[in-house]
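1. Show me the folded form of this:
(chains A, B, C and D)
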2 protein chains.
Amino acid sequence: MQIGKIARATGTKVNTVRYYEEIGLLKPAPRSQSGRRIYADADVERLAFIRRARGLGFSVSEVRSLLEVSDAPNRDCKDAATLARNHLRRVEEQIEQLQAMRQELIGLARACDGGTATDCGIIGGLARKSA
Amino acid sequence: MQIGKIARATGTKVNTVRYYEEIGLLKPAPRSQSGRRIYADADVERLAFIRRARGLGFSVSEVRSLLEVSDAPNRDCKDAATLARNHLRRVEEQIEQLQAMRQELIGLARACDGGTATDCGIIGGLARKSA
DNA sequence: CTTGATCCTCCAGTAACTGGAGATTGTAAA
DNA sequence: TTTACAATCTCCAGTTACTGGAGGATCAAG
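-> All right, here's what the predicted structure looks like:
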């Protein structure tokens, strides 16, 4: 299949597929006579794997590591497990940060009574130390 | 005061202060004879405002708008309120997304029994559609 | 008079794509 | 057969919000 099809099959943009090849997540696809990339079913699976990992927030370099493990079936998966655990921790930290932001934003919004900027709790809250 | 001091006072890097000037969040600071930027107390407050807004996740362009409102004391603050509400919604969406990721990651991690890559629930979970 | 700390400007790099220009190639209808 | 249109190709610039560094001036202290 050509690039458009594998892109559609995995919910990826065509440019992104080429980008993944460029950075080595996908190996260079063989070409047709006219130079178009040709993909096999296995490539769809690999790309889907990449997309799922990215969708879970793994960085490209982490995905690279995950693919390495995946490509070596006999390999111990502890690297993958470590990656996943660390990533989970990061995600949880982000959640906490965002929840703190949320609380502050709610506080700010509550302090806004719809008057002028001087009286506005949002502007005022940002301007004073006790945000 | 010079740039190092205002930077320290607001927990900003020196380069970042210059960057904010470059993109117009701070107006060009007057210079000493030798060309060094000179700041007043009001600039500390403005920079602190910027930092707090950024810390709450507002984008630079949103901060720009918030500053505009803040700079026009008689202006109706509804633009600021709208910005804050929209931003709050974005933050909440992000929290939800991250929580979904978190659940999936926990599921993946649980499926890993520490064996080889072939049997690993992490690799397997990423490889199969039902992640 | 020489450190060492600050400051200056300019520029490149980060992450992970995304979009577009300009040129081919493939296909299908008129 | 021509003509149109879709899909592909390569290359390159732009996005966000900084961050870090090179290379060079300036300043205060000892």
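2. The longest helix along chain A packs against which elements?
-> Using DSSP state H, we find that the single longest helix of chain A is helix A:78-110. Here helix A:78-110 touches helix A:60-71, helix A:121-127, helix B:78-110, helix B:121-127, going by 3 or more Cβ pairs under 8 Å, 6 or more residues apart in numbering or on different chains; DSSP states H and E. The C-beta positions use only the backbone N, C-alpha and C, and glycine is treated the same way.
3. Which one of these lies nearest to DNA strand D?
-> The closest of the helices and strands packed on helix A:78-110 to DNA strand D is helix B:78-110. By Cβ to the nearest atom of the strand, the value is 11.1 Å.
4. Next, the angle from that closest one to helix A:78-110.
-> Per axes from the mean of the first three to the mean of the last three Cα atoms, to 10 degrees, the angle that helix B:78-110 makes with helix A:78-110 is 160 degrees.
5. need the helices and strands packed on helix A:78-110 in a markdown table with distance to residue A:17, can you?
-> Shown next, in a markdown table, are the helices and strands packed on helix A:78-110 (distance: least, Cβ to Cβ, whole Å):
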| stretch | distance to residue A:17 |
| --- | --- |
| helix A:60-71 | 14 |
| helix A:121-127 | 43 |
| helix B:78-110 | 23 |
| helix B:121-127 | 18 |
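6. picking that back up, any buried residues in the longest helix of chain A, and which?
-> By neighbour count on 16 or more other Cβ atoms under 10 Å in any protein chain shown, the buried set for helix A:78-110 is A:80-81, A:83-84, A:87-88, A:91-92, A:94-95, A:97-98, A:101-102, A:104-105, A:108-109.
7. centre of the chain versus that helix, how much separation?
-> 14 Å (Cα atoms, centre = their mean, to the nearest Å).
8. where's the one helix or strand in chain A whose mean pLDDT sits lowest relative to the chain centroid, distance-wise?
-> Taking mean pLDDT, DSSP states H and E as the measure, chain A has helix A:121-127 as its least confident helix or strand, at a mean of 85. Centre-to-centre, helix A:121-127 and its host chain are 33 Å apart (Cα atoms, centre = their mean).
9. And stretch A:77-92, by the same measure?
-> 15 Å.
10. can you check stretch A:43-55 too?
-> The answer for stretch A:43-55 is 12 Å, by Cα atoms, centre = their mean.
11. outside of that stretch, which residues touch it?
-> A:1, A:6, A:9-12, A:17, A:20, A:25-26, A:29, A:60, A:62-63, A:66-67, A:70, B:101, B:126-127, B:129, B:131 (Cβ atoms under 8 Å, 6 or more residues apart in numbering or on different chains).
12. Show the buried residues in those.
-> By 16+ other Cβ under 10 Å, these give A:6, A:9-10, A:12, A:17, A:20, A:25-26, A:29, A:62-63, A:66-67, A:70, B:101, B:126-127, B:131 as buried.
13. the domain parsing of chain A - what is it?
-> Here the domain assignment for chain A is A:1-75, A:78-131, based on automatic domain parsing.
14. what mean pLDDT does the longest one have?
-> Spelled out, that is domain A:1-75. The pLDDT scores in domain A:1-75 average 95.
15. what about it and DNA strand D, any contact?
-> Yes - Domain A:1-75 comes into contact with DNA strand D (Cβ under 7 Å from any atom of the strand), by way of A:2, A:3, A:4, A:5, A:7, A:14, A:15, A:18, A:31, A:35, A:36, A:37.
16. was I right about residue A:102 contacting residue B:88?
-> Yes - using Cβ atoms under 8 Å, residue A:102 is in contact with residue B:88, at 6.7 Å.
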